[in-house]
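Colleague: Model the following, please.
(chains A and B)
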Amino acid sequence: MTPILELRGITKQFPGILANDHIDLTLEQGEILALLGENGAGKTTLMNILYGLYQPDEGEIFVKGSKLEVHQPSDAIGAGIGMVHQHFMLVPVFTVAENVVLGQEMMRPAGFLNRAAASDRVRELSQAHGLQVEPEAFVKDLAVGVQQRVEILKLLYRQADILILDEPTAVLTPQESDELFKVMRSLVAAGKSIIFITHKLREVLVVADRITVLRRGAVVGTTTPAKANRSKLAEMMVGRQVRLEVDKAPPQPGEVVLEVRDLVAINDRRQVALDGVSLEVRQGEVLGVAGVQGNGQTELVEVVTGLRHPQSGSVFLVGQDVTGASPRRITELGAAHVPEDRQREGLVLPYSVADNLALQTYYRPPFAHGVVLQEGEIRKSAEARIGEFDIRTPSAATPAGSLSGGNQQKVIVAREFSRPIRLLVASQPTRGLDVGSIEYIHGRILEKRDAGTAVLLVSPELDEVLELSDRIAVMYRGRIVATVPADRVTKEQIGLLMAGVVPEGMEAQGVVHTVEATL
Amino acid sequence: MTKSKGKPKPKAGTGKPRAVPGPDAAHVLIQELTASPAEPSGPKRSWWRRAGRVVLVPALAVLSGLILGGVLIAVTSQDVWQAFRVSVLQGIGTAFVVVFRAYAALFAGAFGNPVQMVVALQSGDPLAVRRAFNPILESMVAATPYIFAGLSVALAFRGGLFNIGAEGQIFVGAITATYVGYALVGLPAILHLPLALAAGALGGALWGYIPGWLKARTGAHEVINTIMMNYIAFRLSDWLLTGPMMRPDSFNPVSPTIQVSAMLPRFFADPIRFHLGFFFALLVAYLVYWFLFRTTWGFNLRTAGSNPNAARYAGINTGRWIILTMSLAGALAGLAGTNEVLGVNHNLAMAFSSGYGFDSIALALLGRSHPLGVVLASLFFGTLRSGARRMQVVSGIPIDIISVIQAMILAFMAAPAIIRTIYRLRQPAEAEEEVLVRGWGG
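Modeller: Purely as a prediction, here's the structure:
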């Protein structure tokens, strides 16, 4: 049988980097093909070529056996290829049906939108594939997982046979991910074919029929879940043996370093983002904050690090009241902060690596005498950090913006970890990094913990929180639903807590310290 | 539901996760305009190649401006049209002759006549020597206020702020300097001159402080407020010159002449106006350079300008630096006005500035917001301005053509893509990087 989609010898050269190197890929009718690879392996480039956003330097694309020229996304859509991007493209104030038909509206003769027909069609599609979406609902009222299904509906409405899902689980809770996998199964059962882009090993083993692994722009191999396991896949992705589990010594909690009491704060849109949050972090322990992104974690970190003023409540750092204190005072008391968005907050991209490494301490000796910057000292210290933290950069004078994401993150880690610190606030410390860098940064964080630093870790990656934390606080809608010891909780229980549900029996076990979920 | 959603971001990788109030459009513009191309400065690329790439676009912008100016001169010349009536070839020939004569006059007017210089030097007659060298000295006189005003806009750009208010700051600086210049009597020059300079800087600083404070405390946009402050400054000077500061024995709106002790000393006898202000401007340019790139203050300012979020994260009080940056920018522009009063005019008249403050935006862009670049750009603009007078006398081409050339240079600087397309330049490394980041983020 002819495969529904075949890529032959796709090559794309970017200046300095071969993004895709003669990639061959086949997608059979009615299967889920997982495209697995680290960040920077070329997955997105390949899919952007398929979708017409880039032109390949070499190679051909065949759909159902006939050659397809893709110059723009409309060519791909015309050939039945549809893509769900990582960031949804929906109009929040429109209904589901309106979003779905947008661009291919059903019209009444006089040129008016035929809403009823649109709703019927959307309901039909939704039922046929088990998507459970209400056509009349407004998108802004829907959960992220449901919004994603609206994106899928858009493709189905446009009669796409080949669905590309780009990192679809990045924004979902584990339960929502499982829901998505069910939907994917029912789609292939109905004859659709899916390319599922991810870097999460667990997911490909659960849902894929076949797995193609990319590394440095080339196909390393294709396998099936039956023949593979996590460590084998990781080895294919990275090209060497990877320790997936972190070995860590039992925690030695000491004095309370950070204490947060009844914090209330609003976000940039003037909505309540923190609604009475209390927690404490002790010396030598990692407190992980789990939760779906957007449930107040960002604001919690901002308040603790002095970047946001709380409405009420208090923050104590090493016994001192730092509620509403300046970021510099908090830094000088021994707090380090790995920010959520390295390019937005953590780095000044046009600045050199050396200047970025001095960003928190440039005004103090040895980097400054009085007001005069000591460039020699800054460069010397930077060169030492570059060696110690293995930052891959042509020189200390290279602008931080031209480093890869992993190396940019290493610059931040090197800067924050090189000071004597008592509290480490790490917000999504491995976001968008490859397996090798993740392994490295996790090791460094645990090193700090073992040296007696208190660590507040915030991450939407549940695996990361579970691996590193000694205790886990789960946030939902600006509250901490529960704080549980990491070794006495399952992933499923955390998943339920992330959705605001306290699993049965947890209270009885006595592992839940605070339950404030009023839903 | 607090997830950000529906963000139209077709390419994954660098997407911001939250709907945050990002830098506004003007801010982004400033960053694009002032960012030196970020180059991987490995050992392979020598410093002069990097310097060459930084200078390339401004140099080509100047060249293009001059070429287009030449086209304008040709098409507005009666001689050229008449020659075209005879034959196309003759028309083209005449066009070249006309443009060549115009530019020759322009540069002779700006730099002087080398033959005359040599003859004057050989004759040893001091008067002849001064006359021969006056054109180039006059160009430096014209460049001096440009240097101050250009530094003002450049410093604000470095701090992420768009100072459209240099013109108003020039007026206020000139007013305060004039007042101190004529009202204080009996001081020795060693005290009076610095006092008058300081007064001018303070006046300009006040005019920068107000929009800076408004921006830091209320978020009011500095572009709007500096424009408004310009109008206030113009009308303030009109009122002062027709009232409190009007020369008692005059019916014209002119201030009294300042005391000799407040004048910037001139190096030669009249009519050569070359004065100490030029060297003072160079000194200030060096100080601005040192401040921006060698001190922690400059680090604060540049960080707040390049990435305000990272600046806050690094413990920099960005609000305070907005106010300081605008005040410093105002002080520099104030010195431009002060220089004109204390060095050239010796009094304050209405509309004395003739747009230095607006030209300075072009200077800062042409000079890539670097003090050295600003000095070079100012020398160039000063040359154009002083040479244009002679061009008008010799070839009858109006001085305004210079404004057109300046405007075209500015347009080319603001849209470097045009220059890159015309001259088939490679995109800077920064842009390549962007493609990589976007397309490469797995």
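Colleague: now the strands: where do they sit in the stretch 151-300 of chain A?
Modeller: When assigned using DSSP state E, counting those that start in this stretch, the strands of the stretch 151-300 of chain A occupy the ranges A:162-166, A:193-198, A:210-215, A:218-223, A:256-266, A:272-282, A:286-290.
Colleague: and the residue of the stretch 201-350 of chain A found nearest chain B, backbone torsions?
Modeller: When you check the stretch 201-350 of chain A against chain B by C-beta to the nearest C-beta, the closest residue turns out to be A:Arg328, at 2.8 Å. C-beta here means a position set from N, CA and C on the backbone, and glycine is covered the same way. In this entry, A:Arg328 is assigned phi and psi values of phi -70, psi -40 (degrees, to the nearest 10).
Colleague: Pull the contacting residues for A:Gly37.
Modeller: Counting by C-beta atoms under 8 Å, 6 or more residues apart in numbering or on different chains, A:Gly37 makes contact with A:Lys43, A:His199, A:Val213, A:Leu214, A:Arg215, A:Met237, B:Gly442.
Colleague: Of those, which is the nearest to B:Val394?
Modeller: Nearest to B:Val394, judged by C-beta to C-beta, of those is B:Gly442 at 64.9 Å.
Colleague: Quick check: chain neighbours aside, which residue is closest to B:Gln90?
Modeller: B:Ala83 (4.6 Å; C-beta to C-beta, 6 or more residues apart in numbering or on different chains).
Colleague: element containing that neighbour, please.
Modeller: B:Ala83 is located in helix B:78-86, with elements delineated by DSSP states H and E.
Colleague: And that helix, what does it pack against?
Modeller: Using 3 or more C-beta pairs under 8 Å, 6 or more residues apart in numbering or on different chains; DSSP states H and E, the elements in contact with helix B:78-86 are helix B:88-111.
Colleague: Give me the helices and strands touching the helix it packs on, please.
Modeller: Here helix B:88-111 is seen to pack against helix B:47-75, helix B:78-86, helix B:126-158, helix B:371-395 when contacts are counted using 3+ C-beta pairs under 8 Å, 6+ apart.
Colleague: Can you pull out the residues in contact with that helix?
Modeller: Surrounding helix B:88-111, the residues in contact under the criterion C-beta under 8 Å, 6+ apart are B:66, B:70, B:73-74, B:77, B:79-81, B:83-85, B:135-136, B:139, B:383-384, B:386-391, B:393-395, B:397.
Colleague: If any of those are buried, give me the PyMOL selection for them.
Modeller: Restricted to the buried members of the contacts of helix B:88-111, where burial is judged by 16 or more other C-beta atoms under 10 Å in any protein chain shown, the PyMOL selection command reads as follows:
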select buried, chain B and resi 66+70+73+74+77+79+80+83+135+136+139+383+384+386+387+388+389+390+391+395+397
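Colleague: and the helices and strands packed on helix B:88-111 as a markdown table, adding mean pLDDT?
Modeller: Formatted as a markdown table, the helices and strands packed on helix B:88-111 follow (pLDDT from 0 to 100):
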| stretch | mean pLDDT |
| --- | --- |
| helix B:47-75 | 84 |
| helix B:78-86 | 87 |
| helix B:126-158 | 92 |
| helix B:371-395 | 90 |
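Colleague: would JSON lines of these with distance to A:Leu317 be doable?
Modeller: Putting the helices and strands packed on helix B:88-111 into JSON lines (distance: least, C-beta to C-beta, whole Å) gives the following:
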{"stretch": "helix B:47-75", "distance to A:Leu317": "44"}
{"stretch": "helix B:78-86", "distance to A:Leu317": "77"}
{"stretch": "helix B:126-158", "distance to A:Leu317": "34"}
{"stretch": "helix B:371-395", "distance to A:Leu317": "41"}
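Colleague: highest average neighbour count across the ones you listed?
Modeller: With neighbours defined as mean count of other C-beta atoms under 10 Å in any protein chain shown, the helices and strands packed on helix B:88-111 peak in mean count at helix B:126-158, which reaches a mean of 25.
Colleague: by how many degrees do it and helix B:371-395 diverge?
Modeller: Angle, helix B:126-158 to helix B:371-395, by axes from the mean of the first three to the mean of the last three C-alpha atoms, to 10 degrees: 130 degrees.
Colleague: Taking helix B:88-111 as reference, get the angle to helix B:126-158.
Modeller: 100 degrees.
Colleague: Just the buried positions in the next helix or strand after helix B:126-158, please.
Modeller: Along the chain past helix B:126-158, the next helix or strand (assigned with DSSP H and E) turns out to be helix B:166-183. By 16+ other C-beta under 10 Å, the buried positions in helix B:166-183 come out as B:166-182.
Colleague: next one: stretch A:438-453
Modeller: In terms of neighbour count (16+ other C-beta under 10 Å), stretch A:438-453 has its buried residues at A:Ile438, A:Glu439, A:Tyr440, A:Ile441, A:His442, A:Arg444, A:Ile445, A:Leu446, A:Lys448, A:Arg449, A:Gly452, A:Thr453.
Colleague: For beta bridges, what are the partners of A:Val338?
Modeller: Beta-bridge pairing of A:Val338, defined through DSSP bridges, involves A:Ala426.
Colleague: now A:Lys12
Modeller: According to DSSP bridges, A:Asn20 are recorded as the beta-bridge partners of A:Lys12.
Colleague: State whether it and A:Asn20 are indeed in contact, as I suppose.
Modeller: Yes: at 4.2 Å, A:Lys12 and A:Asn20 qualify as touching, with contact defined as C-beta atoms under 8 Å.
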